[in-house]
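> Provide a 3D model corresponding to the input given below.
(chains A, B and C)
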Amino acid sequence: MEKTLQELAESVGGEAEGDARVRIKGVAGLKEAGAGEITFLANMKYIGELAATRASAVIAAPGIDVGGRPCLRAKNPYFAFAKVLKLFVLKRKLPGGVMGGAEVSPEAHVGQDAAIYPNVFVEAGAKIGDRSVLYPGVYVGEGSSIGADCIIYPNVVVREGVKIGDRVIIHGGTVIGGDGFGYATDGGKHFKIPQIGGVVIEDDVEIGSNATIDRGALGDTIIRRGTKIDNLVQIAHNVVVGEDSIIVAQAGISGSTELGHHVVLAGQVGLVGHIKIGDGVQVGAQSGVMNDLEAGRIYTGSPAYPHMEFMRMQAALRKLPELRKRVLELEKKLEKNTRTEE
Amino acid sequence: MEKTLQELAESVGGEAEGDARVRIKGVAGLKEAGAGEITFLANMKYIGELAATRASAVIAAPGIDVGGRPCLRAKNPYFAFAKVLKLFVLKRKLPGGVMGGAEVSPEAHVGQDAAIYPNVFVEAGAKIGDRSVLYPGVYVGEGSSIGADCIIYPNVVVREGVKIGDRVIIHGGTVIGGDGFGYATDGGKHFKIPQIGGVVIEDDVEIGSNATIDRGALGDTIIRRGTKIDNLVQIAHNVVVGEDSIIVAQAGISGSTELGHHVVLAGQVGLVGHIKIGDGVQVGAQSGVMNDLEAGRIYTGSPAYPHMEFMRMQAALRKLPELRKRVLELEKKLEKNTRTEE
Amino acid sequence: MEKTLQELAESVGGEAEGDARVRIKGVAGLKEAGAGEITFLANMKYIGELAATRASAVIAAPGIDVGGRPCLRAKNPYFAFAKVLKLFVLKRKLPGGVMGGAEVSPEAHVGQDAAIYPNVFVEAGAKIGDRSVLYPGVYVGEGSSIGADCIIYPNVVVREGVKIGDRVIIHGGTVIGGDGFGYATDGGKHFKIPQIGGVVIEDDVEIGSNATIDRGALGDTIIRRGTKIDNLVQIAHNVVVGEDSIIVAQAGISGSTELGHHVVLAGQVGLVGHIKIGDGVQVGAQSGVMNDLEAGRIYTGSPAYPHMEFMRMQAALRKLPELRKRVLELEKKLEKNTRTEE
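Have a look, this model is predicted:
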């Protein structure tokens, strides 16, 4: 496929600048791009590489000096890049239907043009929506449903009683609906609390590889529309994650904690159970959150503090060995003064 | 199924208070419960929700004011709740025997009423105990044994030479007996140490989803009776975890470290290798442990300190920017005093 | 198999000391070894156990007092132990060829003496090298290649467009080539960036269980020759890990970060994206790295500091509550002095 810069600009809602007839046949990074390719500048860290790029055109924000080369101007150049890239990605043609070697219960329902690969196992009462793809090794438990246009990558486990919306993507090895970690302890022995709730995953959610989202103890664990969850994330029983949130790799959320919408948890963040995180909260990498957090604010540290307070504490901590010396100096001086006075 | 409050109280060893004939047909949370359901108050954080519950009865500790509603009094209300809930959970009726599409070596042994799903692979010399269930995608390596009444969820990997006791539950995607991470480095190259030990998992252990428990290098990695391990936990080669311990999600234990019984590691805790953790030790979330820990104590922080010391350090750290100002003030005053005296 | 101490010494390039004719038939730990076994002392922490060992011989560095027992002297005793152990490990005889129940595309290529177990799925255009083993539940995507003499343990997922070298070992449940975590956000909605790059894993790499290595967004994610990666490690899109590096369990590396060769990341370390880690850098457990790190140095802490600076800060932090008291004392004295003077 080839498109002119003009066509691309129209497709993605940007403006072509310079030679709008230049023909583009692919997308690549600033360093890797060659003739016939378009590249992009979204992270200002890489602006120094712009001069040397061999790309035929560049996607950039208004006002960025692109040295006169053909340019697709867009207010959100990363978003424009995503849309351009999507134009050039060929949809893989997948085989359709239930393939030989898949085990689908006669009491399950498989939608139109869904693709069920060999070694998939679908239990009774399960529903697979139209055009959804289940790659080899996927397990779908009793009565669980997967919406339309979903992609479930190999070896994903969806236990019984899980409801998954439309256009959901789940990457390889992830387990949805494992039992929550709940025990009543009596006489030093841990007695398992049956975990009889389910999991609800709403439309347009994406979940990375080898993540774990436990089923609720009584009610449901809920991941709301548009939220994106990275690899190896742990979501415990009865957690609620609001809409359009971002949870980066290896973060963990303990039981019954509730996140608002547009929350961002950076990598390896941990949240204790039974707290509430306000809308739009951002938590820095490796932070440990022990209390409710106010909407719209940034928090960092383990334990987590408001970000500016954390920065002041860190700056002071760094100078703490020197502060100790100053206090010792003061003590000596005062001692001397006192002695002088005597 | 329906039971009177009196019957429930007798089943779980508590006492019915108020109308003991009220009929109960299910269990739900304080907010969700309706008529005909029993709820519970185990975490005092939720006592404010008690007044508004629509449940027909409540499980609570003696002395808690339940506003006159029918009550099942129990010293350990969470434990009573667990037992009541268990009464109401219907056992799923599973198909029995080795199902078509399972690959079980003729040299393996499968116990009575065990259920081996399609796409399970059991190697030669392996033993599966009576009434145990192996869900699709489970792999059991050569000579490994799984006891009676176990549940092994989909896509669990049990490598060769692993011994698993009775009533063990392993959730989806977990890998037991992967090679330990052991290399001898010579001339800058890492030379693999063959990992020829095994893994022993004793009775009544439960292991979450996508956890990893490595085989020993020479001897065994051992998880003792009654211990519960959460999702995404890493247990390295030759670790020993004592009885009735609790290891919360994303914690990691490095090689050859030994934990006593009733140890609790909170989420995302890390332990270095070759240390000993005493009986009953509790380690706070995200803590990093570098040394042996004394039995019965609580530790927090990275690096970990006795909990009270950590709290004092954190309190002082929080006031450090202010302390810096006070020291500057002192320096100015002393400077002034000294000058005055001159 | 039995060998004399002399034969072992010759095989591994060490020197026999004492009775070189003593016959050895196995290897075991200091505590566990009995007659006919050789043990080793590589970690000085265990030197106290040397006197009580019942082993017939011991591997130790020159100069270590082994109480006169037969000894295999080696400069790198751990490496010598690894080589001796390898001599005693019996190679399991694996069945060869594509076994019944495996699904291998007719457009895929399987090398000589490769073993493809049942429930493996290999897509069109994939190549499996000579003598490589794919255990049950492995998925190999379109056009991906696996070199010669590789071991791919059960339920590993290798997505499309992944290139794996020779002698690579990948443990159970690991996912190679999952989509990178990339979204362009516009109007509060997260728009998926197609992840069209691949993954390159060079020769002699080993990857633990349930790890995740994402495919590049545009270019490739690269793991260079000889690097060893532990369980549950997260490697994001477009990361480059240099040769002979060591990445311990549950560490995570964010997108586009580049590591030099011989880098060591201890357990649960986190690296932000778009930074460069110099050759030979070592990062302590649970550290959080936010900036480029200079080659050859050791860093610790979250945020990470040069190790000695971190140690000084921690020492000072530990005495901070006491420092606060000293400052209060100073304030009182100065107040008193000032009042006296007035």
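> which parts of chain A are helices?
Per DSSP state H, chain A carries helices over the ranges A:5-12, A:77-88, A:307-318, A:320-341.
> of those, which is nearest residue B:86?
helix A:307-318 (44.7 Å; Cβ to Cβ). For every residue, glycine as well, the C-beta is placed using N, CA and C.
> okay, buried residues for that closest one please.
Neighbour-count burial for helix A:307-318 flags A:307, A:310, A:312-314, A:316-318 (criterion: 16 or more other Cβ atoms under 10 Å in any protein chain shown).
> what of stretch A:49-60?
For stretch A:49-60, using 16+ other Cβ under 10 Å, the buried residues are A:50, A:53, A:55-60.
> quick check: mean pLDDT of it?
Mean pLDDT, computed over stretch A:49-60, is 93.
> swap in stretch A:323-330?
Mean per-residue pLDDT for stretch A:323-330: 92.
> is that stretch in proximity to chain C?
Yes: using Cβ under 8 Å from any Cβ of the partner chain, stretch A:323-330 reaches chain C at A:323-324, A:327, A:330.
> in JSON lines, list the residues you listed along with distance to residue B:298.
Below are the residues of stretch A:323-330 next to chain C laid out as JSON lines (distance: Cβ to Cβ, whole Å):
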{"residue": "A:323", "distance to residue B:298": "29"}
{"residue": "A:324", "distance to residue B:298": "28"}
{"residue": "A:327", "distance to residue B:298": "31"}
{"residue": "A:330", "distance to residue B:298": "36"}
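> and those, which are buried?
A:323-324, A:327, A:330.
> how is chain A divided into domains?
What automatic domain parsing lists as the domains of chain A is A:3-88, A:97-308, A:309-341.
> please identify the most buried of those domains.
Among those, domain A:97-308 has the highest mean neighbour count (mean count of other Cβ atoms under 10 Å in any protein chain shown), at a mean of 23.
> how far is it from where the chain is centred?
12 Å (Cα atoms, centre = their mean, to the nearest Å).
> what's the first-to-last distance across it?
Chord length of domain A:97-308, first to last residue, is 55 Å (Cα to Cα, to the nearest Å).
> mean confidence for that domain?
So the average pLDDT for domain A:97-308 ends up being 97.
> can you tell if stretch A:143-156 touches chain C?
Yes: using Cβ under 8 Å from any Cβ, a contact is recorded between stretch A:143-156 and chain C, made by A:153-155.
> do the same with stretch A:206-225
Yes: counting by Cβ under 8 Å from any Cβ, contacts between stretch A:206-225 and chain C involve A:206, A:208-210.
> near chain C, which residues of the stretch 1-150 of chain A?
Checking the stretch 1-150 of chain A against chain C by Cβ under 8 Å from any Cβ, the hits are A:27-29, A:32, A:43, A:45, A:76, A:78-79, A:81-83, A:85-86, A:89, A:92, A:101, A:117-119, A:135-137.
> that older thread, out of the buried residues of helix A:307-318, which touch chain B?
Checking those against chain B by Cβ under 8 Å from any Cβ, the ones in range are A:312-313, A:316-317.
> which one of these is nearest to chain C?
Comparing these against chain C with Cβ to the nearest Cβ places residue A:317 closest, at 5.8 Å.
> grab the nearest non-local neighbour of the closest one.
Distances taken as Cβ to Cβ, 6 or more residues apart in numbering or on different chains place residue C:313 nearest to residue A:317, at 5.8 Å, with adjacent residues excluded.
> ok, now residue A:186?
The shortest distance from residue A:186 to any residue other than its chain neighbours is 4.4 Å, reached at residue B:79 (Cβ to Cβ, 6+ apart).
> pLDDT value on the one you found, please?
pLDDT, residue B:79: 94.
> you'd agree residue A:67 is up against residue A:52?
No: contact criterion Cβ atoms under 8 Å: residue A:67 and residue A:52 do not qualify, at 10.1 Å.
> circling back: so which of the domains of chain A gets nearest residue B:271?
Taking the domains of chain A one by one with Cβ to Cβ, domain A:97-308 is closest: 16.0 Å.
> quick one on the thing from earlier: from the buried residues of stretch A:49-60, which land in strands?
Residues of the buried residues of stretch A:49-60 located in strands (DSSP state E): A:57-60.
> export those to CSV and tack on distance to residue A:177?
Below are those laid out as CSV (distance: Cβ to Cβ, whole Å):
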residue, distance to residue A:177
A:57, 47
A:58, 45
A:59, 41
A:60, 44
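> just give me the closest of those to residue B:4.
residue A:59 (70.4 Å).
> how about the nearest residue to the closest one once chain neighbours are set aside, what does it touch?
Once flanking residues are discounted, residue A:59 sits nearest to residue A:40: 3.9 Å by Cβ to Cβ, 6+ apart. Counting by Cβ atoms under 8 Å, 6 or more residues apart in numbering or on different chains, residue A:40 touches A:27, A:30, A:58-60, A:77-78, A:80-81, A:84.
> which one of the ones in strands among the buried residues of stretch A:49-60 is nearest chain C?
residue A:59 (11.1 Å).
> which residues touch the residue nearest to residue A:186?
Neighbouring residues of residue B:79 by Cβ under 8 Å, 6+ apart: A:184-186, A:191.
> please apply the same query to residue A:157.
Contacts of residue A:157 (Cβ under 8 Å, 6+ apart): A:138-139, A:174-178, B:137, B:153-155, B:172-173, B:209.
> quick one on the thing from earlier: closest one of the residues of stretch A:143-156 next to chain C to chain C?
Lowest distance from chain C to those (Cβ to the nearest Cβ) belongs to residue A:154, with 4.0 Å.
> wait, the closest one sits on residue A:138?
Yes: Residue A:154 is in contact with residue A:138 according to Cβ under 8 Å; the separation is 6.9 Å.
> distance check, residue A:273 against residue A:291.
Residue A:273 is 12 Å from residue A:291, where distance means Cβ to Cβ, to the nearest Å.
> try residue A:316
Taken as Cβ to Cβ, the span from residue A:316 to residue A:291 is 22 Å.
> what's the answer for residue A:333, then?
Going from residue A:333 to residue A:291 by Cβ to Cβ gives 42 Å.
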